[in-house]
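Asker: Dropping the sequence and predicted coords here.
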Amino acid sequence: MTLQRRVWTALASLVALFVVAQGVLAYLSLEEQEDRIADELVLAEARQLATYAERGDLDGPRAADILERGGDLEAWLVRRDGEEIPEPVPAVLSALPDGPHRARDGSRHLHVVAMATPAGRLVVAYDAERTEQQVRQYGLYLLGLGALCIAAAVGTARHLARIVVEPLDRLTGRLSAWVPGEAGATAVASDEEARLLEAFGRVQSRFEDAIAHEREFGANLRHELRTPLAALRTDLELLADAPDLAPSARSRVERMTRAVDALGGAFEAAGALTRRAPARPEPVDLAGCVEDAWLTLEPAAQSLGLEFSNRVEAGRTVVADRHALLTILRNLLRNAAEHAAPARCTVSGDATGLVVEDDGPGLAPHERPFVFDRAWRGPRADRPDAPDEGGRGLGLAIARQIAELNGWSLLAEARPSGGLRFVLAFPGAAER
């Protein structure tokens, strides 16, 4: 059954159930009301005839005329001497005890009241067959009206179902046209929902293949470039140590070395960004991780005048992605070296987070909101005499993105005594 058929069937069934329930309740209510009116009519006639009996009007020759009620109403009087006026009481009524009753006499549906009076036993009966036929006719009208309502509900439900399901059909068609199935594939979808799920499955498979291909390409690219970059940096270091190298050439070699380091850091950060969640959470020694991050930057940072102090207490260990934490620390320390030096950089913290701060020139309040924006390098980089330090304004942006991917937070704030402070909080890491 298609989704459109299921929708309009459910709507039509709901309306049909409501119409049937209302019709049945209306018919039963009318039938009960008709019986109640007939009972009240018979009781009222019986009380009137009892009044005549108390006055003695039923003791004389006029009794037959008084008991003749006409229409569907009949009355009988059984005198104390056994005489029945105006005619013998039907057998089905003569055996009834005093009080109100309902009885069947052939095709007649009788509402009966029997009571004792001074003139004798009084029996009053009302034939409600004609009114019940009218009730049954009303029921037929209700049945026809209900059928019309249900037919209208079916038509309306089919129209509404088509309006509701058509967007799914259009979406399914666009997805199928965007990512068509394989040639020769057999269509097994039975309805709109299944076709939509099948189309989404093809889209998901295509995206997963594309992402896997992109990650494989990135990994291969980083692997192929890592070796020549290492060889290039080694040659530059050897060239810088040559005793006969001119000062101007030595300056260029040092700048080339920093550019190679920046390029390697960019590849390293790009590799960290390809992981959407902590790859292998493991116990991380915070103090040791900070030292490892500094060791890779120490020569270049010291040459720029950056002093470093690791104040993280030894033995502090958390369960986290060590590679992600190391990449963030390297970018923060590299930022201090490139934009704060000559200055002193201090790292402190515990299992709830780390604080990397420097006593450099800092940033103005209107500049701090841009510190994590891509390609924003700060005011020092815009000065004419600013050295080419190899930075491209991506380090802090990458650091924050890696932090967010791991469920951490990275904020920048001003130090009261001058400089800039970065607060790295990792509430998702468990202390060991």
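Answerer: Good, I have the coordinates. Keep in mind the model is a prediction, meaning the values are calculated, not measured.
Asker: Show me the longest strand that occurs in the protein.
Answerer: Ranked by residue count and defined by DSSP state E, the top strand of the chain is strand 108-117.
Asker: which neighbours does that strand have in its sheet, and in what orientation?
Answerer: With DSSP bridges as the test, strand 108-117 is paired with strand 99-105 (antiparallel), strand 120-127 (antiparallel).
Asker: got the CA positions of it in CSV?
Answerer: The C-alpha trace of strand 108-117 is given here as CSV (Å, rounded to 0.1, in the frame of the first residue of the first chain):
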residue,chain,number,x,y,z
ARG,A,108,-48.3,-4.0,17.3
HIS,A,109,-45.8,-2.5,19.8
LEU,A,110,-47.9,-1.6,22.8
HIS,A,111,-47.2,0.8,25.7
VAL,A,112,-49.6,-0.3,28.4
VAL,A,113,-50.7,1.0,31.9
ALA,A,114,-52.9,-1.2,34.1
MET,A,115,-54.3,0.2,37.4
ALA,A,116,-57.2,-0.4,39.8
THR,A,117,-59.9,2.2,40.0
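Asker: Contacts made by it with the rest, please.
Answerer: The contact list for strand 108-117, computed with C-beta atoms under 8 Å, 6 or more residues apart in numbering, reads 35, 38-39, 41-43, 45-46, 49-50, 53-54, 58, 77, 92-93, 96-104, 121-129, 132. Placement of C-beta: from N, CA and C, glycine included.
Asker: Give me the buried subset of those.
Answerer: Neighbour-count burial (16 or more other C-beta atoms under 10 Å) applied to the contacts of strand 108-117 gives 35, 38-39, 41-43, 45-46, 49-50, 53, 58, 77, 92-93, 96, 100-101, 121-128.
Asker: what's the helix or strand for the closest residue to residue 145 other than its chain neighbours?
Answerer: Leaving aside its chain neighbours, residue 145 sits nearest to residue 23 (7.7 Å; criterion: C-beta to C-beta, 6 or more residues apart in numbering). For residue 23, the enclosing helix or strand under DSSP states H and E is helix 3-55.
Asker: pLDDT averaged over that helix - what is it?
Answerer: The average pLDDT within helix 3-55 is 90.
Asker: Between the strands paired with strand 108-117, which one is closest to residue 196.
Answerer: strand 99-105 (61.6 Å; C-beta to C-beta).
Asker: mind listing the helices for the stretch 51-200 of the chain?
Answerer: Using DSSP state H, counting those that start in this stretch, the helices of the stretch 51-200 of the chain run over residues 63-67, 91-94, 129-178, 192-240.
Asker: Outline the domain layout of the chain.
Answerer: 3-138, 180-275, 280-431 (automatic domain parsing).
Asker: So which of those domains is the most surrounded?
Answerer: The highest average neighbour count among the domains of the chain, using mean count of other C-beta atoms under 10 Å, belongs to domain 280-431 at a mean of 18.
Asker: looking only at pLDDT, what's the mean for it?
Answerer: In this model, domain 280-431 carries a mean pLDDT of 83.
Asker: from the middle of its chain, how far away would it be?
Answerer: 39 Å (C-alpha atoms, centre = their mean, to the nearest Å).
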